[in-house]
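1. Generate a structure from the sequence data that follows.
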Amino acid sequence: MTDESEDDQFGADGWHHKAGPRVESDGGVARPQAELGRGTELPPTEGTAADGPDAAADTDAGLLSPNGRSLLAYVGSVVGVFVAAGVGLGLGSNFILGFLIEQFVEPGASPTDNTLVSIMLLHNVITPFLVGPLMAVGAGALIGRALPDRPVTATAVGGTASLVGFYLMTGLTLFLTINVIAQYSTGGGGGGGALDQAALASQIVESGIPAALVGAAGAYIGSYISD
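-> Below you'll find the model as predicted:
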């Protein structure tokens, strides 16, 4: 015995034919149940203040927490990268300066009296000022890529994170660099006050402004070109 589809019927004359649509009593043609609901769904709309406090709160949460993450998380991630770079640069400067002082500076002499040590000290002081803007524009571009089609938010986050991160990175690097000079100067009895720390601090504050600007620019461009 062969099962037949509900739409397949055999007439009395033996001819195979498809069952036509069922006609309702009012003359209309009945539609299958599966077709009844097609095209009736409306796209979801974003909540506004007119829709109630809950809907407005959802919209505000989306602005403050894009992609399910708080804006502070984005700022913290960039600052964390700057801090890690500052510690790495500072410790590297500390180790190499200590090695050079032990190898080329006579006991009791000032470390900065040695030409090689002075050159390396100058190099290590300048390095964070050169590396900072490059890191800022790279970090800003990553922030922009993480916040596509939101250039204003990305610009604010990139600029703020780059400014704070640059200050922390530069401060850590210079602190660890100058600290080793001070240690060997104290231990050896030499003078060794080659850097004006007040002027250096002022230079750090001024250099943070271009770092913040390039970080903001990188974030804006990254967000603008993201899909």
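
2. Quick one: mean pLDDT over stretch 123-143.
-> Regarding stretch 123-143, the rounded mean pLDDT is 95.

3. Buried residues in that stretch, which are they?
-> For stretch 123-143, burial by neighbour count (16 or more other C-beta atoms under 10 Å) applies to 124-125, 127-129, 131-133, 135-143. No exception for glycine: its C-beta is placed from N, CA and C like everyone else's.

4. Could you point out which residue ranges in this structure have low pLDDT?
-> 1-68, 186-194, 227 (pLDDT under 70).

5. which residues in it form helices?
-> Using DSSP state H, the helices of the chain run over 53-64, 71-104, 115-146, 151-188, 197-225.

6. Can you say which of those helices is packed in most?
-> Most buried of those, by mean neighbour count (mean count of other C-beta atoms under 10 Å): helix 151-188, with a mean of 22.

7. Tell me which other helices or strands that one touches.
-> Applying 3 or more C-beta pairs under 8 Å, 6 or more residues apart in numbering; DSSP states H and E, one finds that helix 151-188 contacts helix 71-104, helix 115-146, helix 197-225.

8. out of those helices, nearest to F175?
-> helix 71-104 (6.7 Å; C-beta to C-beta).

9. Which neighbouring elements make contact with that closest one?
-> helix 115-146, helix 151-188.

10. Any chance of a markdown table for the helices and strands packed on helix 151-188, columns distance to V164?
-> Output for the helices and strands packed on helix 151-188, formatted as a markdown table (distance: least, C-beta to C-beta, whole Å):
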| stretch | distance to V164 |
| --- | --- |
| helix 71-104 | 5 |
| helix 115-146 | 11 |
| helix 197-225 | 9 |
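
11. Mind checking those for the one nearest to Q183?
-> Using C-beta to C-beta as the measure, helix 71-104 is the one of the helices and strands packed on helix 151-188 that comes nearest Q183, at 8.3 Å.

12. now the closest one and helix 151-188, what's the angle there?
-> Orientation check (axes from the mean of the first three to the mean of the last three C-alpha atoms, to 10 degrees): helix 71-104 against helix 151-188 gives 30 degrees.

13. quick one, helix 71-104 and helix 197-225 angle?
-> Going by the same axes, to 10 degrees, helix 71-104 makes 140 degrees with helix 197-225.

14. Report the inter-axis angle for helix 71-104 versus helix 115-146.
-> 160 degrees.

15. quick one on the thing from earlier: the helices and strands packed on helix 151-188: which one's closest to V152?
-> Evaluated over the helices and strands packed on helix 151-188, closeness to V152 peaks at helix 197-225, with 8.2 Å, by C-beta to C-beta.
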